[in-house]
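[1] Here's my sequence, what's the structure:
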Amino acid sequence: MARAPVGTVNPGARTGVRIVVAGDRSTGKSSLIVTAAAENFPVNVPPLLPPTRLPEDFYPDRVPITIIDTSSRPEDNGKVADELKRADAVVLTYACDQPQTLDRLSTFWLPKLRQLEVKVPVIVVGCKLDLRDENQQVSLEQVMSPIMQQFREIETCIECSALKHIQIPEVFYYAQKAVLHPTGPLFDQESQTLKPRCVRALKRIFILCDHDRDGALSDAELNDFQVKCFNAPLQPSEIVGVKRVVQEKIPEGVNERGLTLTGFLFLHALFIEKGRLETTWTVLRKFGYNNDIKLADELIPAPSKRTPDQSVELTNEAIEFLKGIFEAYDSDLDGALRPRELEEVFSTAPECPFSEAPYKDAAEANAFGGLSLDGFLSKWALMTLLDPTFSMENLIYIGYSGDISSTIRVTRKRRLDRKKQQSERNVFQCFVFGPKMAGKSAIIDSFLGRPFSDTYNPTTEDRYAVNVVDQSGGTKKTLVLREIPEDGVGKLLSSKESLAACDVAVFVHDSSDESSWKRATELLVEVAGHGEDTGYEVPCLIVAAKDDQDSFPLAIQHSTRISQDMGVEAPIPISTKLGDFNNVFRKIITAAEHPHLSIPETEAGRTRKQYHRLINRSLMFVSVGAAVAIVGLAAYRVYAARKNSSS
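    A predicted model of the protein is given here:
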């Protein structure tokens, strides 16, 4: 399955590898470098070598190597630290005839790398092997095993002799290999198993190669895979040999149809255990994976350029694909994807994107934690709104094979929506403002079908909720609620474009608390003023929560005055405790669909408009006056010309 030589491996986009050699004084750093480059042991070695370049044909991967020597002088510690931070791999040296230099690796050098946050492969090299006392012979494994257990960043340990030319080329070969074909992302040394992200990537590759979708790679499919990855077909006898190796070790790895996923994963674990990481890396890179075992950025097109007041939605084509995915993975046919089924949907992605904020708990779930079709599509709508590139990436992971750019569309500018007095969006985003304990979180919970709770849990960070709202006439729109904590309003409004992505702003207050009303009103004026100043004005609604309690005195009078002064609708009374929502979510959608209405006007904004009207009127008066003067002058000239001609 993988007899291609190392030279055919595609190392990704790397154009070079930078290896930094560090260690205590007189451990053989410079001699190691010179002997590797010149293939001769140097008689006189300078204290510090300049950067040394090994040509690209030095090793089969054909990637040039630059080796950086480092000083052992204490005054050069800063320079050494800078070089280590720029390294692709680090070679740490000790002298085989000086045991104290080996101890210094675990007491000084390896902790120093961690302190500097140098997260690259480390090759530990014992130099001057020819000088070791023959009476103190111990195995390298015996010496290094405790250190490697403590410092997992150590990729390889090797002993060498520059004088005797023992294992000198191997040092930098292993260092280069550790960069081009790292173990860390693929294999857990402790448990001796493939890492989860590696398993998920290989599963996706297996499914892509299983053209007839029968759960096994036939001989023909296995051969196609080999040609794609290694540019060389397998002979029938080789295919038989591969399957025999698998079947002997793991019987379920092969069935009558061919090599199963279990067998495919076993083969890769076997290659890695035998040190043939380049085989698995070749496969991953042929299918577009980078060193993080994620699809390379260039495979996922960036959405078309858009202004801040444009958003991104899934197209009908993408939605139909996701409906098919939902049906395919709803194995118990209960109309919902339970957590186990949802995990299976994303079993070919690096992780399940819905298991982390802001997507986790952002949609309505049933008693078993299952997502309905609307809930499933709602989470995708939220992901596409917040991070369209991530959404496209995950569509590819779960099997979308068409033109990925056809899965999203950029909506019309919100400013243009206001001019045309209607919005064609299918997904609307509503910012929910309000003081502490006003009832914002209760509204969010009710939107997701969760029961009312008297327990107060303050929201400290922005929180998202998304659901489908049925409109009159049978149409459906997706509504995203973004709860803004009171303490986060200042930070939000510090950005000029902060309201550009907002379709509607809702201001919630506790209808029984006058101070809550006052603070909500202050927030309304603050947000409306920001919209007027930046040009990103948004429709605003006021929600009077806790309508089951007695209103504060003068509530009607205050709310009427504010509504009239600012030109917005009267507050919408709701009670999440009683389940009385007064169609508030439909009203939010309606306000978003008619973005020219419900836009509040502050006193400052009104004054500014009056000033502009006055200026425009003055300019118009001046223009009219000038026009009259010009017409009068022209008439006089005509009159004078006629008078002269008659004379």
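
[2] Low-confidence ranges, the stretch 351-500 of the chain, go.
    Regions of the stretch 351-500 of the chain meeting the criterion pLDDT under 70 are absent.

[3] Can you pull up the most central residue in this structure?
    Using Cα atoms, centre = their mean, the residue of the chain that lies closest to the mean C-alpha position is Phe390, 5.8 Å off.

[4] Over to that one: give its phi and psi.
    Backbone dihedrals for Phe390, given as degrees, to the nearest 10, come out at phi -60, psi -40.

[5] Verify the contact between it and Phe354 for me.
    No. Shown here, Phe390 and Phe354 do not form a contact pair, counting by Cβ atoms under 8 Å, at 11.5 Å. (C-beta placed from N, C-alpha, C; glycine too.)

[6] can you pull the buried residues of stretch 476-487?
    By neighbour count, with 16 or more other Cβ atoms under 10 Å as the criterion, the buried positions of stretch 476-487 are 477-486.

[7] for stretch 573-589, same thing?
    Burial within stretch 573-589, assessed by neighbour count using 16+ other Cβ under 10 Å, is assigned to 573-577, 581, 584-589.

[8] Check stretch 465-477 too.
    Within stretch 465-477, the residues scored as buried using 16+ other Cβ under 10 Å are 465-469, 477.

[9] Among the buried residues of stretch 476-487, name the ones in strands.
    477-483 (DSSP state E).

[10] What is the nearest of the buried residues of stretch 476-487 to Leu314?
    Checking the buried residues of stretch 476-487 against Leu314 by Cβ to Cβ gives Thr478 as the nearest, at 9.5 Å.

[11] Beta-bridge partners for that closest one, please?
    Beta-bridge pairing of Thr478 under DSSP bridges involves Val427, Val468.

[12] same for the helix or strand Glu327 falls within, what does it pack against?
    For Glu327, the host element (DSSP states H and E) is helix 316-329. Packed against helix 316-329 by the contact rule (3 or more Cβ pairs under 8 Å, 6 or more residues apart in numbering; DSSP states H and E) you find helix 339-345, helix 373-386.

[13] Those helices: which one's closest to Leu92?
    Between Leu92 and the helices and strands packed on helix 316-329, the shortest separation by Cβ to Cβ is 40.8 Å, and it involves helix 339-345.

[14] in terms of contact count, name the helices or strands touching the closest one.
    Under the contact criterion of 3+ Cβ pairs under 8 Å, 6+ apart, helix 339-345 touches helix 316-329.

[15] neighbouring contacts of the helix it packs on?
    Counting by Cβ atoms under 8 Å, 6 or more residues apart in numbering, helix 316-329 makes contact with 314, 337, 341-342, 344-345, 373, 376-377, 380, 395, 398-400, 402, 406-408, all of which sit outside it.

[16] Val227: neighbouring residues, count only.
    Per other Cβ atoms under 10 Å, the neighbour tally for Val227 reads 12.

[17] what sits against it?
    Contacts of Val227 by Cβ under 8 Å, 6+ apart are Pro233.

[18] same thing with Glu153?
    Listed by Cβ under 8 Å, 6+ apart, the contact set of Glu153 reads 110, 113, 119-122.

[19] Go through those residues and flag which are in helices.
    Under the assignment DSSP state H, these contribute 110, 113 to helices.

[20] Domains in this structure, by residue range?
    As given by the TED database, the domain ranges for the chain are 17-180, 193-298, 312-403, 415-601, 615-646.

[21] Format these as JSON lines; extra columns: distance to Lys305.
    Shown next, in JSON lines, are those (distance: least, Cβ to Cβ, whole Å):
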{"stretch": "domain 17-180", "distance to Lys305": "34"}
{"stretch": "domain 193-298", "distance to Lys305": "17"}
{"stretch": "domain 312-403", "distance to Lys305": "12"}
{"stretch": "domain 415-601", "distance to Lys305": "15"}
{"stretch": "domain 615-646", "distance to Lys305": "34"}
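
[22] got the phi/psi numbers for His165?
    According to degrees, to the nearest 10, the main-chain angles of His165 amount to phi 60, psi 40.

[23] Hmm, Thr35 and it touching each other?
    Yes. With contacts defined as Cβ under 8 Å, His165 counts as touching Thr35 at a distance of 7.0 Å.

[24] neighbour-wise, which of the two wins?
    Higher neighbour count among His165 and Thr35: Thr35, with 23 against 13, using other Cβ under 10 Å.

[25] Contacts only, for that one.
    For Thr35, the contacting residues are 41-42, 162, 165, 168, by Cβ under 8 Å, 6+ apart.

[26] now Pro121
    Contact analysis of Pro121 by Cβ under 8 Å, 6+ apart lists 89-90, 153, 155, 175, 178-179, 182-184.

[27] Any figure for the gap between it and Ala89?
    5 Å (Cβ to Cβ, to the nearest Å).

[28] Show me the common contact partners of the two, please.
    Common neighbours of Pro121 and Ala89, counting by Cβ under 8 Å, 6+ apart, are 155, 175, 178-179.

[29] got TSV for those, with neighbour count, pLDDT and distance to Leu84 too?
    Rendered in TSV, the data for those read as follows (neighbours: other Cβ atoms under 10 Å; pLDDT from 0 to 100; distance: Cβ to Cβ, whole Å):
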residue	neighbour count	pLDDT	distance to Leu84
Glu155	22	89	16
Ala175	29	95	14
Ala178	24	92	15
Val179	23	92	15
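
[30] Count the neighbours of Asn231 for me.
    10.

[31] so what's the backbone phi/psi at the nearest residue to Cys127 once chain neighbours are set aside?
    The spatially closest residue to Cys127, leaving aside those adjacent along the chain, is Gly28, at 3.1 Å (Cβ to Cβ, 6 or more residues apart in numbering). Main-chain torsions, Gly28, degrees, to the nearest 10: phi 100, psi 20.
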